[in-house]
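Student: please find the sequence and the predicted model below.
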Amino acid sequence: MELNIEINLTSQSCIDQVNFDDLGFGKYFTDHLFVAEYQNKTWNKPRIISFDNLSLHPALSALHYGQSIFEGMKAFKYADGGAVLFRPEKNWERINMSARRLCMPEIPKDIFIEGLKIFVDIERNWIPSKEGEALYLRPLLFATDGFLGVKPSESYMFLIMASPVSKYYSKPIKILAQKQYVRAVRGGVGAVKAAGNYAGSLLATQEAKKQGYDQILWLDAIHLSLVEESGTMNLFFVIDNEIYTAPATQNGTILMGVTRDSVITLLKSWGYTVHETSLSMQDISDAGKANKLQEVFGTGTAASIAPVSAIGFEDAEIIPQYHEGYGKLGQKLYENLVGIQRGTVLDTMGWIVRVPEYAYS
């Protein structure tokens, strides 16, 4: 182990309390936490401890002023029985982009990557083995100053926790184009994984569910017409054999998903052209009416590749040709992405990072 880390393993595992036949998502947590702290402009005290509640100051900056960011990633059971991570450097890059935007310290690579490897090695028995299942990893960075004043905190805590999970969506989902609320604005924090982004989405999602939808399709804040992303996913549209997805960097309103990037890379390697351009809801509606909207699917760490069965828009529903499950392209992407992650498809991209089996003293 290159990282100088203190390891205090629990004496009593709670893995026997987990129903691995009904994991759900985010319901169970593994035995340990990875913790590192930032104080006096220095990262220190990296350690693995038993999973437990935290003791926090009531004036904690993160609670009052929202300096809190996180990542979502997974560890997989590989075909040879080992444990692997999928493109962890992309998550490290993105959490540091989020940190810069919210005036938080960047996390050194050894603390993030090596900390993940050691942590996952310790929790490797928690990685479920069925297709669609994984050990979900949640790196979290938040401000810890006990001070009431609007300024960047001077101290922070970085945690990694883990939860064995099954598929986030078990069937094709319906999404509702939202014209009353917006997720992100130009120059805002929509491109980063700030905790407050998710709080701001809850009311709209709750109202959509009352109408029979699973998630929101967010539109741009200026025109309320351009497609951006869904609640937990980036979105892809297959229209007349052409592939479209919203641009991730143009206005800073689209989350630069790791799965999104992986899907675009796979598609291009297969010879497809991917148009990273802004489509309007009218474009989508017109394609549906002309029977040219072949597939719609979302991509994300939690969702993987999730087929969309219907889009609610202006008191009507837009139905893709493939709406009862995966279309041909979505199916191919799912099989290849999951296959790479699980070791049944050759990883020609160098995306898989093996978790070593360390010796602990």
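Tutor: Okay, I see it. Residues are numbered from 1 along each chain as shown.
Student: got any ranges where the stretch 151-300 of the chain has weak pLDDT?
Tutor: Along the stretch 151-300 of the chain, the model assigns pLDDT under 70 to residues 250.
Student: how does it look with 90?
Tutor: Across the stretch 151-300 of the chain, residues meeting the criterion (pLDDT under 90) sit at 167, 170, 178, 231-232, 248-252.
Student: please save the CA atoms from the strand or helix carrying Ile216 in CSV.
Tutor: Following DSSP states H and E, one finds Ile216 within strand 215-219. Extracted C-alpha coordinates of strand 215-219, given in CSV (Å, rounded to 0.1, in the frame of the first residue of the first chain):
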residue,chain,number,x,y,z
GLN,A,215,-38.4,11.0,-13.6
ILE,A,216,-38.1,14.5,-15.0
LEU,A,217,-36.8,15.5,-18.3
TRP,A,218,-35.1,18.9,-17.6
LEU,A,219,-35.2,21.7,-20.1
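Student: hey, where'd the strands end up in the stretch 101-250 of the chain?
Tutor: Assigned by DSSP state E, counting those that start in this stretch, the stretch 101-250 of the chain shows strands spanning 134-143, 156-165, 173-178, 215-219, 227-230, 234-239, 242-245.
Student: circling back to that earlier point, what's the strand holding Ile216 packed up against?
Tutor: On a contact count with 3 or more C-beta pairs under 8 Å, 6 or more residues apart in numbering; DSSP states H and E, strand 215-219 meets strand 173-178, helix 202-210, strand 227-230. Backbone N, C-alpha and C define where each C-beta goes, glycine included.
Student: and of those, who's closest to Pro307?
Tutor: Nearest to Pro307, of all the helices and strands packed on strand 215-219, is strand 173-178, at 7.5 Å by C-beta to C-beta.
Student: please export the C-alpha coordinates of that closest one as CSV.
Tutor: Provided in CSV are the C-alpha atoms of strand 173-178 (Å, rounded to 0.1, in the frame of the first residue of the first chain):
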residue,chain,number,x,y,z
ILE,A,173,-39.2,4.4,-17.4
LYS,A,174,-41.5,7.3,-18.3
ILE,A,175,-40.1,10.8,-18.1
LEU,A,176,-42.0,14.2,-18.0
ALA,A,177,-40.7,17.3,-19.8
GLN,A,178,-40.7,19.9,-17.0
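Student: helices and strands around that strand, which ones?
Tutor: helix 202-210, strand 215-219, strand 304-313.
Student: can you tell me which of the ones you listed is nearest to Ala62?
Tutor: Closest among the helices and strands packed on strand 173-178, once you apply C-beta to C-beta, is helix 202-210, at 18.2 Å.
Student: what residues of that closest one count as buried?
Tutor: 204-205, 208 (16 or more other C-beta atoms under 10 Å).
Student: could these go into a markdown table alongside distance to Ala310?
Tutor: Output for those, formatted as a markdown table (distance: C-beta to C-beta, whole Å):
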| residue | distance to Ala310 |
| --- | --- |
| Ala204 | 17 |
| Thr205 | 16 |
| Ala208 | 12 |
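Student: can you put the helices and strands packed on strand 173-178 in TSV and add distance to Phe20?
Tutor: Formatted as TSV, the helices and strands packed on strand 173-178 follow (distance: least, C-beta to C-beta, whole Å):
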stretch	distance to Phe20
helix 202-210	28
strand 215-219	27
strand 304-313	19
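Student: by how many degrees do the strand holding Ile216 and strand 173-178 diverge?
Tutor: Interaxial angle, strand 215-219 versus strand 173-178 (axes from the mean of the first three to the mean of the last three C-alpha atoms, to 10 degrees): 40 degrees.
Student: make 793 the starting number, not 1.
Tutor: With 793 as the first residue, the last one maps to strand 1007-1011.
Student: direction included, what does strand 1007-1011 pair against?
Tutor: strand 965-970 (parallel), strand 1019-1022 (antiparallel) (DSSP bridges).
Student: who touches the shortest one?
Tutor: Residues external to strand 1019-1022 that are found in contact with it (C-beta atoms under 8 Å, 6 or more residues apart in numbering): 967, 969, 975-976, 982, 1007-1012, 1027, 1029, 1038, 1045-1047, 1070-1073, 1076, 1090.
Student: from the middle of its chain, how far away would it be?
Tutor: Between the centre of strand 1019-1022 and the centre of its chain there are 15 Å (C-alpha atoms, centre = their mean, to the nearest Å).
Student: now stretch 830-845
Tutor: With C-alpha atoms, centre = their mean, you get 23 Å for stretch 830-845.
Student: can I get that stretch in PDB, CA atoms only?
Tutor: Output in PDB follows, covering the C-alpha atoms of stretch 830-845 (Å, rounded to 0.1, in the frame of the first residue of the first chain):
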ATOM      1  CA  TYR A 830      -8.400  18.600   5.500                       C
ATOM      2  CA  GLN A 831      -7.100  21.000   8.100                       C
ATOM      3  CA  ASN A 832      -4.500  23.800   8.000                       C
ATOM      4  CA  LYS A 833      -4.300  23.500   4.200                       C
ATOM      5  CA  THR A 834      -3.200  19.800   4.500                       C
ATOM      6  CA  TRP A 835      -4.800  16.500   4.000                       C
ATOM      7  CA  ASN A 836      -4.200  14.100   6.900                       C
ATOM      8  CA  LYS A 837      -5.500  11.200   9.000                       C
ATOM      9  CA  PRO A 838      -6.500   8.900   6.200                       C
ATOM     10  CA  ARG A 839      -8.100   5.900   7.900                       C
ATOM     11  CA  ILE A 840     -10.700   3.100   7.600                       C
ATOM     12  CA  ILE A 841     -13.000   2.800  10.600                       C
ATOM     13  CA  SER A 842     -16.200   1.000  11.500                       C
ATOM     14  CA  PHE A 843     -19.400   2.400   9.800                       C
ATOM     15  CA  ASP A 844     -21.100   4.500  12.400                       C
ATOM     16  CA  ASN A 845     -22.900   7.900  12.900                       C
END
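Student: no further queries at this time; thank you.
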